[in-house]
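[1] Following is a predicted model, sequence given first.
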Amino acid sequence: MVKKALTIAGSDSGGGAGIQADLKTFQELDVYGMSVITAVTAQNTTGVQGVYKVPLEGIQEQLQSIAEDLRPDAIKTGMLFNSDTIDAVSRFIEFYEMKHVVVDPVMIAKGGASLLQNEAVKALKEKLLPLATIVTPNIPEAEVLTGIKIVTMDDRKQVAKLLHIMGAKTVMIKGGHDQGREEMIDLLYDGQQFHTFSSNRIPTKNTHGTGCTFSAAITAQLAKGSSVVQAVKVAKDFIQAAIEEDLHIGSGHGPTNHWAYKRNKVKIAIK
Ligand SMILES: Nc1ncnc2c1ncn2[C@@H]1O[C@H](COP(=O)(O)OP(=O)(O)OP(=O)(O)O)[C@@H](O)[C@H]1O
Ligand SMILES: Cc1ncc(CO)c(N)n1
């Protein structure tokens, strides 16, 4: 039976992040992708030129259309922009008892544009976090959610524990923003133990949409029935291949290569 995943996020006209990154990733991992668009951004590799929120009723109707017909096996949330949207999405997850919820607490695009209003942080913490199978903040997002500054790996562990206490079943604090290191370390806390996922830092400016792609890969794997740890392992390989074999598109921070992972697997299978 085909597995289905839903992304609730913003559209990136440039195609490297947001809804577009999520759907490409679902497709590459053999999962049927669906989308609820919360906002439309005018965006390219140089930055975000405009943000246009979809009216709340439009978001609610998209959610209902999907719930009534195409039940997803896993869901991810990305750019939600304001607290009304977060309320609606949280109610949808609870009402339909949606399983396997990946919360990517998107706040700021790489160029600095705000993708979440300040007033929405409270709703994100209080309403959505407790519904998360896994929450996937980068370091600045984890700091905003907890109010704790992260410098060392011990700080990161403390913050992961706190996010678990705040309600997320599993916490993944990504290492992309840990500039000092050659090694890229992502830290997972499952409520009992820590797991680390390491890779070499790839020297490239083409990292637009890495967070969206990574969390979408986790979502696709959860939809297919993987455990969280197994899902993260695949997602790490997926994002590593996507960054390593970047496409060199655009004049700014280019997108990653969403087809690199599958193409590499096919190459290995043919050998
Ligand atoms: N230069 C890099 N080399 C290797 N892996 C990287 C690199 N940059 C990011 N990653 C990996 O990509 C994944 C996403 O991490 P990152 O911290 O970049 O997310 P993010 O900041 O949420 O992304 P975004 O800016 O798209 O929101 C993590 O697994 C991280 O380790
Ligand atoms: C629509 C959208 N969602 C998320 C991100 C974060 O990468 C982005 N740049 N744009």
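    Perfect, I can see it now. Residues are numbered from 1 along each chain as shown. Ligands and ions are numbered 1, 2, ... in the order given.

[2] list the contacts for I86?
    80, 120, 123-124, 127-128 (Cβ atoms under 8 Å, 6 or more residues apart in numbering). Placement of C-beta: from N, CA and C, glycine included.

[3] out of these, who's nearest T210?
    The closest of the contacts of I86 to T210 turns out to be L80 (Cβ to Cβ; 19.0 Å).

[4] buried residues in the top helix by length along the chain?
    Longest helix of the chain, by residue count under DSSP state H: helix 228-244. Residues of helix 228-244 classed as buried: 228, 231-244 (neighbour count, 16 or more other Cβ atoms under 10 Å).

[5] Neighbour-wise, give me the winner out of the contacts of I86.
    In terms of neighbours by other Cβ atoms under 10 Å, the contacts of I86 top out with L80 at 31 neighbours.

[6] ok so, going back, wait, which of the buried residues of helix 228-244 is closest to ligand 2?
    I239 (12.5 Å; Cβ to the nearest ligand atom).

[7] Looks to me like V40 is in a helix.
    No. V40: not assigned to a helix; according to DSSP: H, G, I helix; E, B strand; the rest coil it is strand.

[8] tell me the SS of the closest residue in space to G47 that isn't next to it in sequence?
    Counting by Cβ to Cβ, 6 or more residues apart in numbering, G47 lies nearest to G111, which is 3.6 Å off, once chain neighbours are set aside. Three-state call for G111 (three-state DSSP): coil.

[9] what's around G111, how many residues?
    By other Cβ under 10 Å, 15 other residues sit near G111.

[10] So which residues on the stretch 1-150 of the chain come close to ligand 2?
    9-10, 12, 17-18, 41, 43, 78-79, 106, 109, 115 (Cβ under 6 Å from any ligand atom).

[11] got CSV for these, with neighbour count, pLDDT and secondary structure too?
    Below are those laid out as CSV (neighbours: other Cβ atoms under 10 Å; pLDDT from 0 to 100; DSSP: H, G, I helix; E, B strand; the rest coil):
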residue, neighbour count, pLDDT, secondary structure
A9, 30, 98, strand
G10, 29, 98, strand
D12, 26, 98, strand
A17, 30, 98, coil
G18, 30, 98, helix
T41, 23, 97, strand
Q43, 26, 97, strand
G78, 26, 98, coil
M79, 26, 98, coil
V106, 25, 96, coil
A109, 22, 89, coil
L115, 22, 94, coil
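
[12] Contact partners for the residue nearest to G47?
    Going by Cβ under 8 Å, 6+ apart, the list of residues near G111 reads 46-48, 252-253.

[13] Weed out the non-buried ones from those residues.
    Looks like these have 47-48, 253 buried, using 16+ other Cβ under 10 Å.

[14] In JSON lines: those residues, plus secondary structure and pLDDT.
    Below are these laid out as JSON lines (DSSP: H, G, I helix; E, B strand; the rest coil; pLDDT from 0 to 100):
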{"residue": "G47", "secondary structure": "strand", "pLDDT": "95"}
{"residue": "V48", "secondary structure": "strand", "pLDDT": "96"}
{"residue": "H253", "secondary structure": "coil", "pLDDT": "95"}
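
[15] From T7, how far out is the residue of the stretch 51-200 of the chain at minimum distance from ligand 1?
    Minimum separation of the stretch 51-200 of the chain from ligand 1 (Cβ to the nearest ligand atom) falls at G176, amounting to 2.1 Å. Look at G176 and T7: by Cβ to Cβ, to the nearest Å, they are 20 Å apart.

[16] Neighbour count: those two, which is higher?
    T7 (31 against 17).
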